[in-house]
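K.L.:
below is the structure, and that's it, no one-letter string:
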């Protein structure tokens, strides 16, 4: 079988850990599999490079940041290859560009548009393990582009899809997907399987094991995803169509994202196209908007509020200020101290009153809700960041997520 | 004028120095020039990466070492660009491959076969400073290849040739080319100009300011080279056709190289093709052989000795051992404790007895000569390494190199 294995930064943080990854890859090869490995940058490398950039420029351009940051994964891929070769395991490292990963060229948050697997296939044919630098690709013009958050997970899934791999294994420092963050809720339970949709909601909502982009792509190409620990041999959690959670209770998991900022525009003109104008401007800057609420009209005026990742707040504010006059907004407010807390479950649609139960539980705990957003299988609330951990525990107990395990 | 400026590792060793380089480049632009910058890796980066490689593999492959080491120059080029942009100076960094630098694909000691300057020209047309990662290029197969010793100097000269630049400035931590190493001979004199040929001999002989490959290339394409200090604004030394030294005395400079190893094969068969067989095997390993001597025949047997760089000794010994039986050598000896000391001067051909005077001076100082090699404008002797510095001083005085300055 062809297996894609992805190892995150903590799994390759130092030469000892790289050696351990090499042993694991070698064992997979010894079991008769062909292996493509995707690696992140070693440990804190990306942060170190960003700090260095900060010392030469207050505001480095995304293009040059990409040139700088892409070296991190190139280093770890070359080192892992050396460690494999030292163990008699033929291997070759490839940059994203060499591995045929083409992007849309948007620096610092590029999207994969296409994978040309010719080179990777040729190397596999020659009996080599192929180690690909994650998180990067090249644009049609040959520019190095990083893929932004979750980029290495996305590289792994995209390669698995393009190569029609039997499995895509994501190695991380947790041993699978839990019904809640086990650091906050000690009785949280590890799931053996979970559906793409549920994982997608959990991932979108801040469960850090997998990036939603990667899950989305896996669902689209039906790539079986396995989340496993890089430190021991547990089976992890398998993500595929259908899964354990769907048959279970209305609410199957609680997630939180502690990095939420809110921007509000008040007294916006109530004209067609105003919301479009605002969110087009943000899209042009490649800023993801999460929750959006639009207030009741008062005399032809509107309030619009939305949340973005806290990291994107300065750029989002700039964008909004550029178009403030165009949309006739009287003022702009923002709050960078929020978190998003969510409950997820495919069964939710058939259990009315789940959202109400969530609001009630939060109210009983004295936790104020700033914004609400819902989908068919989740309910999210923006709350004060400092109350997020308590809210996770409150909801976990409310919906009895510990199960019998 | 189009100027290529090359900054070595010590010139970009930290953010403060990168800022200083950015100021200098910006000033050159303000003077009305277009500028292409070539940078080495920051300070000890290359050594740090090599140490990391040593911790994952006892014998990393040259291909993976190239993947690893090429990141060093990519980092410094991106950082310099950020520093330029922070000063309002439009700039773009390019990897060797993006800058159109094509190599023969020999890992760890690639040679530049061709430069496609399309992208660099286009960026210059757009009014940008182009910062190129030195020391690297890509093979026709798209493999990242480093250029080995002197690679960044060579990148700079090759780009200057391809772009028909008016000047190629090499910034370093010395302020020009001296008649001898000023650390050994305090009265050594800085030269204002020197010819390519003389610089070539000085460079080949261990004067560390410029790599002979770069000088050779500059001569071939008549690129005016300037060696200047990156720490102050002195005019440096201009290297061009004809120069100050040629009109001067028979001997114009003394150089030494402290990293010399000797290999001897004794009782080799006296057959045609034996020497060719030995040196082909070394060439296949891309090992440069410097001095070669072949001893007098005794009954159809021969001794052959040659010198290589001390770093190449282990690989050279391996190569020689592989073919020992084929060439019928009874034994192999080696000595890694040698240095090469040389006198150089274009006037030498017209002054007979210069070599004899050199041998005499060394003999008077009690310094034993292990090997001798001569060209039209230089005489070199291999001697014990620990006597090298004393030999430089002896010869400096013998040939009165201090001048009137």
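P.N.:
Noted; the coordinates are in hand. Treat the numbers as computed from the prediction; the structure is a model and nothing was measured. Numbering: from 1, shown residues only, chains lettered A, B, ... in the order given.
K.L.:
looking at chain A, which helix is longest?
P.N.:
When chain A is parsed with DSSP state H, its longest helix is helix A:62-86.
K.L.:
near chain B, which residues of chain A?
P.N.:
Residues of chain A lying close to chain B by C-beta under 8 Å from any C-beta of the partner chain are A:15, A:18-19, A:22, A:49, A:52-53, A:55-61, A:63-65, A:67-68, A:70-71, A:74-75, A:77-83, A:85-86, A:92-93, A:95, A:98, A:142, A:144. For glycine as for every other residue, the C-beta is placed from the backbone atoms N, C-alpha and C.
K.L.:
switch the cut-off to 6 Å
P.N.:
Residues of chain A lying close to chain B by C-beta under 6 Å from any C-beta of the partner chain are A:15, A:18, A:53, A:55-57, A:60-61, A:64, A:67-68, A:71, A:74-75, A:78-79, A:81-83, A:85-86, A:93.
K.L.:
quick one: mean pLDDT over the longest helix of chain A.
P.N.:
Taken as a whole, helix A:62-86 carries a mean pLDDT of 97.
K.L.:
for the record, mean pLDDT for the next helix or strand after it?
P.N.:
Remark: after helix A:62-86, the chain's next helix or strand is strand A:91-94, criterion DSSP states H and E. What strand A:91-94 shows for mean pLDDT is 98.
K.L.:
what does strand A:91-94 contact?
P.N.:
A:77, A:78, A:81, A:84, A:85, A:123, A:128, A:129, A:131, A:132, B:67 (C-beta atoms under 6 Å, 6 or more residues apart in numbering or on different chains).
K.L.:
before we move on, back to that, buried set for the longest helix of chain A?
P.N.:
A:63-86 (16 or more other C-beta atoms under 10 Å in any protein chain shown).
K.L.:
and the angle for it with helix B:62-86?
P.N.:
Counting by axes from the mean of the first three to the mean of the last three C-alpha atoms, to 10 degrees, helix A:62-86 lies at 160 degrees to helix B:62-86.
K.L.:
what's in contact with helix A:62-86?
P.N.:
With contact meaning C-beta under 6 Å, 6+ apart, helix A:62-86 is reached by A:12, A:18-19, A:22, A:39, A:41-42, A:45-46, A:49, A:53, A:91, A:93, A:95, A:107-108, A:129, A:131, A:133-136, A:144-146, B:53, B:56-57, B:60-61, B:64, B:67-68, B:71, B:74-75, B:78, B:81-82, B:93.
K.L.:
as CSV, the contacts of strand A:91-94 with distance to residue B:189 would be great.
P.N.:
Below are the contacts of strand A:91-94 laid out as CSV (distance: C-beta to C-beta, whole Å):
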residue, distance to residue B:189
A:77, 50
A:78, 45
A:81, 50
A:84, 54
A:85, 51
A:123, 56
A:128, 56
A:129, 58
A:131, 53
A:132, 55
B:67, 44
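K.L.:
list just the nearest of the residues you listed to residue A:360.
P.N.:
Checking these against residue A:360 by C-beta to C-beta gives residue A:132 as the nearest, at 48.4 Å.
K.L.:
doesn't residue A:216 belong to a helix?
P.N.:
Yes. Counting by DSSP: H, G, I helix; E, B strand; the rest coil, residue A:216 falls inside a helix.
K.L.:
tell me the SS of residue A:333?
P.N.:
strand.
K.L.:
quick one: it from residue A:324, how far?
P.N.:
According to C-beta to C-beta, to the nearest Å, residue A:333 stands 12 Å off from residue A:324.
K.L.:
more crowded one of those two?
P.N.:
residue A:324 (16 against 11; other C-beta atoms under 10 Å in any protein chain shown).
K.L.:
so how many other residues sit close to residue A:280?
P.N.:
There are 12 residues near residue A:280, going by other C-beta under 10 Å.
K.L.:
hang on, it in a strand?
P.N.:
No. Going by three-state DSSP, the assignment for residue A:280 is helix, not a strand.
K.L.:
and the pLDDT at it?
P.N.:
82.
K.L.:
quick one: it from residue A:320, how far?
P.N.:
Relative to residue A:320, residue A:280 is positioned 12 Å away (C-beta to C-beta).
K.L.:
helices along the stretch 251-400 of chain A, start to end?
P.N.:
Per DSSP state H, counting those that start in this stretch, the stretch 251-400 of chain A carries helices over the ranges A:274-284, A:313-323, A:354-364, A:388-398.
K.L.:
the inter-axis angle of the third one versus helix A:388-398?
P.N.:
Translated: helix A:354-364. Using the same axes, to 10 degrees: helix A:354-364 against helix A:388-398 is 120 degrees.
K.L.:
what's helix A:354-364 packed up against?
P.N.:
Where contact means 3 or more C-beta pairs under 6 Å, 6 or more residues apart in numbering or on different chains; DSSP states H and E, helix A:354-364 is packed against helix A:388-398.
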